[in-house]
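S.K.: What shape does this take:
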Amino acid sequence: MPLLVLAPSVHIIAEDGGLRADDKFLSGLQRHAEMWDGPMRILLRVDSAPLPFSRLVTEADFPGELRLLRADEPIRAGHLAGADVLLASGDSHDQMDLAPLCAATGTRLVYAVEYTLPTRLRTALMDPQRGPLRRLRSAAWVLGQERRRRRALGAAAGLQFNGYPAHGAYRALDPGGCLYFDGRMSRAMMATEDEMMDRAARLRAGGPIRLIASGRLEPMKGAQDLVPAARAMRKAGVDFTLDIFGAGTLAPAIAAAIAGGDVGDRVRLHPPVDFQTGLVPRMRRDADIFLSCHRQGDPSCSYLEAMGCGLAVIGTANEMWRPMAADTQAGWVLPMGRPGAVADCMAQLAARRDRIAAAGRHALDFARAHDFEQEFARRMEHLAAIARRPAFSGRGAASRHPAGAPEGSSRP
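M.R.: Residues are numbered from 1 along each chain as shown. Predicted coordinates:
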């Protein structure tokens with residue numbers, strides 16, 4: 001049976017004699033194990049950077065052989081011993097030189113990529129931990145890395161694209177690559193028909209339109225726009241509530257703005273809660289619209305997860321939500337950094353509440369077609385097809401699809 005090696009971008013923390021790992025990564029890892037027909041090896045770097053949504057685990061919790069690397073330790077031949085496929089991160093700058101190693105070990109190299117150059121530049125220029133000069137230097141470094149990244153992706157045996165932005169930016173390097181939508185919503189976790197009917201009935205009956213926002217409270221996520229949007233809605237006379245779930249560098253400022261402003265009776269800030277037992281039930285039963293003010297165009301699983309709860313989405317015109325909204329008719333696209341636009345949109349929706357229910361129905365339909373199980377099955381089928389091809393030859397894209405070999409799955 002083929003051996004799959006995973007080298008994700010996420011790290012792990014050594015803590016209190018155990019290990020702290022990212023919740024979403026652990027969920028995905030379990031799904032990899034269930035759907036891969038063979039053994040797995042997981043390469044994880046040990047670092048001290050915080051993992052906001054995480055839990056303590058032991059090595060026994062990992063469904064495969066776990067190998068821990070130092071933060072600055074490169075992947076070596078020994079890590080790939082016996083490997084048929086290496087699924088590496090196309091977003092990690094320290095994984096851009098793996099093609100020669102894979103050629104030497106007979107390993108087929110596949111990169112999963114989600115960020116694009118505009119998103120990386122925007123992230124560098126909005127880093128709250130750095131001053132203006134360091135931000136510019138970071139942006140210059142990002143530009144210099146892009147040519148290296150494109151060479152690396154072009155030399156791989158296959159590519160997997162997480163979301164519309166990466167697919168649009170890099171699909172020319174692998175036209176047969178696998179487009180997928182990352183998320184944690186299984187079909188069983190999604191909104192029920194009774195919940196959809198209850199939401200529609202409540203919207204018809206009147207009362208506040210219930211908005212919810214969740215995720216990292218950081219500048220690149222547009223968290224600084226949430227309270228100004230609430231103030232604009234109040235000024236416009238919109239009847240609403242807004243519940244914000246998350247943590248990040250902007251959390252103290254958001255809490256202070258809520259406490260010291262005129263929206264304390266409408267806006268509530270909550271700490272992060274467990275996704276499956278806390279956030280999902282809240283979105284399914286106690287919300288009508290998911291509000292996303294993202295300034296960056298990362299694929300953000302938040303869209304698909306909110307849609308799986310039957311929520312319409314108000315989002316900004318970034319590289320992910322703009323095409324997703326056009327494809328799904330699941331919500332509305334607003335200019336970035338314009339909290340007043342949220343108020344204008346909400347005022348219109350308050351007069352036509354049936355549009356909220358209709359968009360929520362479109363959202364749920366799309367999420368059902370791209371649930372956790374189906375997206376992982378598509379990815380595993382793509383990797384299995386690559387594992388059946390001749391070993392990596394170092395010839396890049398030209399050797400990806402030899403005569404008679406199946407190409408990777410793309411979005412239906």
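S.K.: Send over stretch 294-302 as PDB, restricted to the C-alpha atoms.
M.R.: These are the backbone C-alpha positions of stretch 294-302, laid out as PDB (Å, rounded to 0.1, in the frame of the first residue of the first chain):
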ATOM      1  CA  HIS A 294     -12.000  40.300   5.400                       C
ATOM      2  CA  ARG A 295      -9.300  42.500   3.900                       C
ATOM      3  CA  GLN A 296      -7.400  39.600   2.500                       C
ATOM      4  CA  GLY A 297      -8.400  37.000  -0.200                       C
ATOM      5  CA  ASP A 298      -7.400  33.800   1.600                       C
ATOM      6  CA  PRO A 299      -9.900  30.900   1.100                       C
ATOM      7  CA  SER A 300     -11.200  31.200   4.700                       C
ATOM      8  CA  CYS A 301     -13.200  28.100   5.700                       C
ATOM      9  CA  SER A 302     -15.500  30.500   7.600                       C
END
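S.K.: OK, contacts around the closest residue to residue 273 other than its chain neighbours?
M.R.: Excluding the flanking residues, the one nearest residue 273 by CB to CB, 6 or more residues apart in numbering is residue 279, at 5.4 Å. The C-beta positions use only the backbone N, C-alpha and C, and glycine is treated the same way. Taking CB atoms under 8 Å, 6 or more residues apart in numbering, we find residue 279 in contact with 214, 245, 273.
S.K.: So residue 279: helix, strand or coil?
M.R.: Secondary structure, DSSP: H, G, I helix; E, B strand; the rest coil: residue 279 is helix.
S.K.: Repeat that for residue 347.
M.R.: Residue 347 ends up helix, using three-state DSSP.
S.K.: Leaving aside the residues adjacent along the chain, what's closest to it?
M.R.: Residue 347 sits nearest to residue 236 (CB to CB, 6+ apart), 5.1 Å away.
S.K.: Let me see the domain layout of the chain.
M.R.: 4-181+372-397, 187-369 (automatic domain parsing).
S.K.: Kindly format the C-alpha coordinates of whichever helix in the chain runs longest as CSV.
M.R.: When the chain is scanned for its longest helix (criterion: DSSP state H), the result is helix 132-155. This file holds the C-alpha atoms of helix 132-155, laid out as CSV (Å, rounded to 0.1, in the frame of the first residue of the first chain):
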residue,chain,number,x,y,z
PRO,A,132,6.1,50.8,8.4
LEU,A,133,9.7,50.2,7.3
ARG,A,134,9.7,46.6,8.4
ARG,A,135,6.3,46.1,6.6
LEU,A,136,7.8,47.4,3.4
ARG,A,137,10.8,45.1,3.8
SER,A,138,8.5,42.1,4.4
ALA,A,139,6.6,43.0,1.3
ALA,A,140,9.8,43.2,-0.7
TRP,A,141,10.8,39.7,0.6
VAL,A,142,7.4,38.3,-0.4
LEU,A,143,7.9,39.6,-3.9
GLY,A,144,11.3,38.0,-4.1
GLN,A,145,9.8,34.7,-2.9
GLU,A,146,7.1,34.5,-5.5
ARG,A,147,9.4,33.5,-8.4
ARG,A,148,10.9,30.8,-6.2
ARG,A,149,7.4,29.6,-5.3
ARG,A,150,6.3,29.4,-8.9
ARG,A,151,9.4,27.4,-9.8
ALA,A,152,8.6,25.0,-7.0
LEU,A,153,5.0,24.5,-7.9
GLY,A,154,5.9,24.0,-11.5
ALA,A,155,8.3,21.3,-10.6
